[in-house]
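# After the sequence you'll find the predicted model.
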Amino acid sequence: MKLSPYTAVIENVRPLVDGGRYPVKRITGEPLVVEADVFKEGHDVLSCVLKWRKLGAKAWHEIPMDCVDAWNKDRWRASCTFSAEGPHEFTIEAWGNIWKSWQHEFEAKFNAGERPLKSETLEGAAFVRNAAELAKARGAKADAERLAWVAREMDTATAERANEFAHSADLSAMMWTYADRSLSTEFVSTFEDTPALFPANHRAAARYPFVWVDRAGAGFSAWYEFFPRSAEGHADRGSKFRDCLQRVDYAKDMGFDVIYFPPIHPIGVTARKGRNNSVTCQPGEPGVPYAIGNRHQKCPNGGAHRDVAPELGTLEDFRWLVGEINKRGMEVALDFAVNCSPDHPYVHDHPEWFYHRPDGSIKYAENPPKKYQDVYPMNYHCETWREMWSELAGVIEFWCEQGVRIFRVDNPHTKPVHFWEYLISRVQTRFPDAIFLSEAFTRSKMMRALAKVGFTHSYTYFTWRNTAQGLREYFNELAHSESAEYMRPNLWPNTPDILPSYLQFGGRPAFEVRAILTTTLAPVYGIYSGFELCENEGIERKHWDAAGDVRGFLALCDGDYKQLAREEYIDSEKYQFKGRDWNQPGIRALFRKLNHIRKENLALQQFRNLYFQHSDNDLILAYSKVADGNRLLIIVNLDAWHPQESMIHVPLESFGLGEHQAFEVEDLLTGEKFQWKGRRNYVRLAPGERAGHIFRIRP
């Protein structure tokens, strides 16, 4: 903070992430609302501006800040938006405004009948003359001449004439433009502990609080994950990159705009896993894509993370597929899994990058009782860690050069947080449009730390939130706590690793419920292929009468779900080719409708506008979203077995409705329209008939 004898105090600035150590996150065009306590000694009138600029730019944009309300003169607020992606700075500048202070004093004395106010008039003239000098110094000749003329007029003005100048809107505007800020205070946030290995960008160069601005696709998108080798649905043989377009068009038809591929790199042969994670791999079984690297295979680029599996095609084939997907207005997301098979070139060329047993052999990965004999974890604190970190960042840059800008990162919570800060910082210096999704189903503090250091999106606990209370509590935390400034949720109801108990027991109605929740609670979401086909056969499901004890079942899904089932798919395509009938009955039409509704309703393209509403029945969840006149009320039956009914509280004030005003609700899922009135209205939802309502409110 710049101190002077004539300084203001600026404190309690919001939003700041860890005092400004990490960036606040926004999307291009999304408002950044900044508040602060700003005050100074004495009775001077205070002026305050919010300033922002692209990091590295010299000139600031600025907008005046206003008091939050008439009762809190020390709390100031303003908002700004960003048109370009990348790192930006913002700050607050405050100063005692001598012209406004003079106006206030002169008006008080003039209205009290004091005359002739000659000394006060000459004081005002001096302030105007000083503004004329500032205008002249900035090269604003016309303004300088105008202000100089006013100063001369005030030198000989009567009190009445001086009062006219004091109330001149044109003069006040010029005095604001050329205000004397020589004794202003600027809020500064500088951190000296930023590691020197980081590139000289927003992680190291920002003197002020900063904002990382992402492109629009980071704030609103729908992901569809499928394994390229299973694109055609053959159980006995794999598909290639050039066989994937039918599946891409299938996803596009449902309204998805991101195609996410698990690892596409060469797969190791040593200790290769077989069907259902068997330690014995049978001839013809393809292995696990996460066991990356095979220098023994005929791979043009060495058989490592910068290569593609030969059985999928060539790097040229992959670039062709990326181009075809882009032509369809879609993007590719790639899995970045820092896993090395025993056959990975790193193991041969850099054995020091791995953990070793006392006998000198390299340790494979374990998560007791699970063993991953086909994967060697890397040691991020080895003696040559700088070289290793640089190589891994280079892998991401390589795929950016192939046209990929979205990366889903596998298990980032098992690697050092500062490694990700380095990697993401370095990559986004060259490719500011790069997006990173953190696949970290782990402790909440670690999930938040990963978001702070740069991950664009975060997996969430939504996968295991099924009760109304659990959903409300968790999403209120995500949308309305400090973490909302930097942690952007990406909702997944299933993954190749996770088939939740709710889906295993609930059948198609459960898939419909989760589809509506997934697509309307947050603007970014994804599904793993098979969800739209209602695939729900797990490895092991224990006996539980879910239909007889719905509340107890949902509570277990939120908590100790392991009492219900092993949440893994039987015959998982992680270990084999997946045979599928892509035309079997499912809920593709529902996703087509939901994605259309999302694109047509601005309220569903935002997240922090999510507010839960009261329902008399705890098996019916209600929440609202409002944006620029687009008013939605979403109501979902969490019971996948029985019809449920309830009275729903309607937030009339949020919808701009009067206490007794009649209004129309249109169900965007069906096109039906209903007439409602007042705060409490009735709904009934039955599985198999109607899983939920997405009501658009029309006064």
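Nice, thanks for sending it over.
# From now on I want contacts and neighbour counts done on CA atoms only, so please keep to that.
Fine.
# Just the CA atoms of stretch 336-349, as PDB, please.
Extracted C-alpha coordinates of stretch 336-349, given in PDB (Å, rounded to 0.1, in the frame of the first residue of the first chain):
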ATOM      1  CA  PHE A 336      -3.400 -36.300 -19.300                       C
ATOM      2  CA  ALA A 337      -2.400 -39.300 -17.100                       C
ATOM      3  CA  VAL A 338       1.100 -39.200 -15.700                       C
ATOM      4  CA  ASN A 339       1.400 -42.900 -15.600                       C
ATOM      5  CA  CYS A 340       4.200 -44.900 -17.100                       C
ATOM      6  CA  SER A 341       4.100 -48.600 -18.000                       C
ATOM      7  CA  PRO A 342       7.300 -50.600 -17.300                       C
ATOM      8  CA  ASP A 343       7.800 -50.300 -21.100                       C
ATOM      9  CA  HIS A 344       7.800 -46.500 -21.100                       C
ATOM     10  CA  PRO A 345      10.900 -44.800 -22.600                       C
ATOM     11  CA  TYR A 346      11.200 -42.700 -19.400                       C
ATOM     12  CA  VAL A 347      11.900 -45.900 -17.400                       C
ATOM     13  CA  HIS A 348      14.800 -46.800 -19.700                       C
ATOM     14  CA  ASP A 349      16.100 -43.200 -20.200                       C
END
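# worst-scoring helix or strand of this protein, pLDDT-wise?
strand 370-372 (a mean of 81; mean pLDDT, DSSP states H and E).
# Please name every helix or strand in contact with that strand.
Under the contact criterion of 3 or more CA pairs under 8 Å, 6 or more residues apart in numbering; DSSP states H and E, strand 370-372 touches strand 365-367.
# if we can go back for a sec, list the buried residues for the least confident helix or strand of the chain?
For strand 370-372, the neighbour count (16 or more other CA atoms under 10 Å) marks residue 372 as buried.
# Next, the buried residues of the next helix or strand after that strand.
Per DSSP states H and E, the first helix or strand lying C-terminal to strand 370-372 is helix 385-401. Neighbour counts over helix 385-401 (16+ other CA under 10 Å) mark 388-389, 392-397, 399-400 as buried.
# Show me the two of the residues you listed that sit farthest apart.
Across these, the longest distance by CA to CA is 18.9 Å; it joins 388 and 400.
# circling back to that earlier point, and the buried residues of helix 385-401 as CSV, adding distance to residue 523?
Supplementary listing: these in CSV, determined by distance: CA to CA, whole Å:
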residue, distance to residue 523
388, 36
389, 33
392, 30
393, 29
394, 31
395, 29
396, 26
397, 27
399, 26
400, 25
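# which parts of the helix or strand residue 248 falls within are buried?
Here residue 248 sits within helix 245-253, counting by DSSP H and E. Residues of helix 245-253 classed as buried by neighbour count (16+ other CA under 10 Å): 245, 247-248, 251-252.
# Identify, from the residues you listed, the entry nearest to residue 631.
Out of the buried residues of helix 245-253, the member with the shortest distance to residue 631 (by CA to CA) is residue 252, at 27.1 Å.
# Identify the residues contacting that closest one.
328, 330 (CA atoms under 8 Å, 6 or more residues apart in numbering).
# With residue 615 instead?
Going by CA under 8 Å, 6+ apart, residue 615 touches 621-622, 646-649.
# quick one, strands of the stretch 301-450 of the chain?
Shown for the stretch 301-450 of the chain, the strands assigned by DSSP state E, counting those that start in this stretch span residues 331-336, 365-367, 370-372, 406-410, 435-439.
# Now distance to residue 94 too, for those strands, in CSV please.
Below are the strands of the stretch 301-450 of the chain laid out as CSV (distance: least, CA to CA, whole Å):
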stretch, distance to residue 94
strand 331-336, 44
strand 365-367, 55
strand 370-372, 59
strand 406-410, 40
strand 435-439, 36
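# now for those, which one comes closest to residue 480?
Among the strands of the stretch 301-450 of the chain, strand 435-439 sits nearest to residue 480 (CA to CA), with 20.5 Å.
# So what are the sheet partners of that closest one and their directions?
Take DSSP bridges as the rule and strand 435-439 pairs in its sheet with strand 406-410 (parallel), strand 457-458 (parallel).
# which residues of the protein score low on pLDDT?
1-6, 190-206 (pLDDT under 70).
# Go through stretch 250-265 and flag the buried ones.
For stretch 250-265, a neighbour-count test (16+ other CA under 10 Å) marks 251-252, 254-265 as buried.
# Kindly apply the preceding question to stretch 315-328 instead.
315, 318-319, 321-323, 325.
# With only the CA atoms kept, save that stretch in PDB.
Extracted C-alpha coordinates of stretch 315-328, given in PDB (Å, rounded to 0.1, in the frame of the first residue of the first chain):
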ATOM      1  CA  LEU A 315      -0.700 -38.900 -35.400                       C
ATOM      2  CA  GLU A 316      -1.900 -37.700 -38.800                       C
ATOM      3  CA  ASP A 317      -5.100 -39.600 -38.300                       C
ATOM      4  CA  PHE A 318      -5.600 -38.000 -34.900                       C
ATOM      5  CA  ARG A 319      -5.100 -34.500 -36.300                       C
ATOM      6  CA  TRP A 320      -7.600 -35.400 -39.000                       C
ATOM      7  CA  LEU A 321     -10.100 -36.400 -36.400                       C
ATOM      8  CA  VAL A 322      -9.500 -33.200 -34.400                       C
ATOM      9  CA  GLY A 323     -10.100 -31.200 -37.500                       C
ATOM     10  CA  GLU A 324     -13.400 -33.000 -38.300                       C
ATOM     11  CA  ILE A 325     -14.600 -32.500 -34.700                       C
ATOM     12  CA  ASN A 326     -13.800 -28.800 -35.000                       C
ATOM     13  CA  LYS A 327     -15.700 -28.500 -38.300                       C
ATOM     14  CA  ARG A 328     -18.700 -29.700 -36.400                       C
END
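# Start at 4, not 1
Sure thing, new numbering starts at 4, so read that last one as stretch 318-331.
# Would you pull up how far that stretch lies from the middle of the chain?
Chain-centre distance of stretch 318-331: 26 Å, with CA atoms, centre = their mean, to the nearest Å.
# Rebuild the buried residues of helix 248-256 as JSON lines, extending it with distance to residue 155.
Listed next are these as JSON lines, based on distance: CA to CA, whole Å:
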{"residue": "248", "distance to residue 155": "77"}
{"residue": "250", "distance to residue 155": "78"}
{"residue": "251", "distance to residue 155": "74"}
{"residue": "254", "distance to residue 155": "73"}
{"residue": "255", "distance to residue 155": "71"}
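# which residue ranges form the helices in the stretch 404-553 of the chain?
420-433, 447-455, 471-483, 504-524, 553-561 (DSSP state H, counting those that start in this stretch).
# what about the second one, distance to the chain center?
Averaged C-alpha coordinates place helix 447-455 at 13 Å from its chain's average position (CA atoms, centre = their mean).
# Could you list the paired strands of the least confident helix or strand of the chain along with their orientation?
Strand 373-375 is paired, per DSSP bridges, with strand 368-370 (antiparallel).
# can you pull the buried residues of the strand it pairs with?
The neighbour-count check on strand 368-370 (16+ other CA under 10 Å) flags residue 368 as buried.
# Equivalent analysis for stretch 290-304, please.
Residues 290-298, 300, 302 are the ones in stretch 290-304 that count as buried (16+ other CA under 10 Å).
# contacting residues around the most centrally placed residue in the chain?
Nearest to the mean C-alpha position of the chain, by CA atoms, centre = their mean, lies residue 491 at 2.6 Å. By CA under 8 Å, 6+ apart, the contact list for residue 491 reads 454, 459-461.
# and what of residue 272?
Listed by CA under 8 Å, 6+ apart, the contact partners of residue 272 are 290, 297, 346.
# So which of those residues sit within helices?
Among these, DSSP state H puts none in helices.
# Would you mind confirming that residue 508 makes contact with residue 546?
No: applying CA atoms under 8 Å as the test, residue 508 and residue 546 come out as separate, 9.8 Å apart.
# Compare these two and say which is more crowded by neighbours.
For residue 508 versus residue 546, neighbours defined as other CA atoms under 10 Å are more numerous around residue 508 (23 against 10).
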